[in-house]
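Participant: got a predicted structure plus its sequence, pasted below:
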Amino acid sequence: MSDSSRPVNGQRCHLELGNDVFVVASTWRGVLKIHVREYRRSGEKYIPTKRGITLTLQRWNELVSNRSRIEETIEGGEGGEGGEFKCHLGGNVYANMQSDYPGLDIRKWYWNGEEDTIKPYSRPGIKLLPNQLESLLHCFIALPDYVPELNITVPCYMEADHMNQMGYYMCSECNPNGLSVWN
Ligand SMILES: [Zn+2]
């Protein structure tokens, strides 16, 4: 884990996962967000590409809270029983792993009313390869040093208005398609 390129305007950190993919915390129009994104080098600079995903602090925390499930799936994929992993980060953003491919895919999905199911968009999103995923797990621990706000971010489903079922159904973060599609 290295903070290999100097953070620029509004960036808290620029942590490399490998292969020019970085975890960047930056503020845009007053909102602090976490980007997991591929950059391309242009001389001394790093230019963000479209390959990546931008997460709110709540969604990042949701991903981090699934750390042990991610690790179990990695272990399962390496000669174990395998296994699949899918977690809802909020809105229509999901992180998932397939048993036959030890990488983590983070992207937006969409509701397909015809088939009564949700499907992944080809973009925006990013698929982290095993070596990048290893660095991401380190990043889970390192990031609150740069973004202490992560420690005080309360997920919407812990708020009082979610304590009844209606609050949950009305929340675009928890139930983005107006239906119960959690699994
Ligand atoms: Zn909610």
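Facilitator: Ah, there it is.
Participant: need the residues of the chain near the ion, please.
Facilitator: 156-157, 171, 173-174 (Cβ under 5 Å from the ion). Just so you know, the C-beta spots here come from the backbone N, C-alpha and C atoms, and that holds for glycine as well.
Participant: may I have the phi/psi pair for the residue in the chain sticking out farthest from the centre?
Facilitator: What lies farthest from the middle of the chain is Gly43; by Cα atoms, centre = their mean that is 28.6 Å. Note on Gly43: backbone dihedrals following degrees, to the nearest 10 are phi 70, psi -120.
Participant: what distance do you get for it to the ion?
Facilitator: 43 Å (Cβ to the ion, to the nearest Å).
Participant: could you report the pLDDT at that residue?
Facilitator: On pLDDT, Gly43 comes in at 91.
Participant: measure it to Trp111 for me?
Facilitator: 42 Å (Cβ to Cβ, to the nearest Å).
Participant: ok, Arg37 next?
Facilitator: According to Cβ to Cβ, Arg37 stands 25 Å off from Trp111.
Participant: ditto for Asn151
Facilitator: As judged by Cβ to Cβ, Asn151 and Trp111 stand 33 Å apart.
Participant: the more surrounded of those two?
Facilitator: Legend: neighbour count by other Cβ atoms under 10 Å for Asn151 and Trp111, higher for Trp111 (16 against 9).
Participant: the more buried one bridge partners, please.
Facilitator: Assessed by DSSP bridges, Trp111 has beta-bridge partners Ile118.
Participant: what about Arg59, how many neighbours?
Facilitator: Neighbours of Arg59 (other Cβ under 10 Å): 23.
Participant: same check, this time on Lys50
Facilitator: Lys50 has 10 neighbours, counted by other Cβ under 10 Å.
Participant: in which helix or strand does it reside?
Facilitator: Assigned by DSSP states H and E, Lys50 belongs to strand 45-55.
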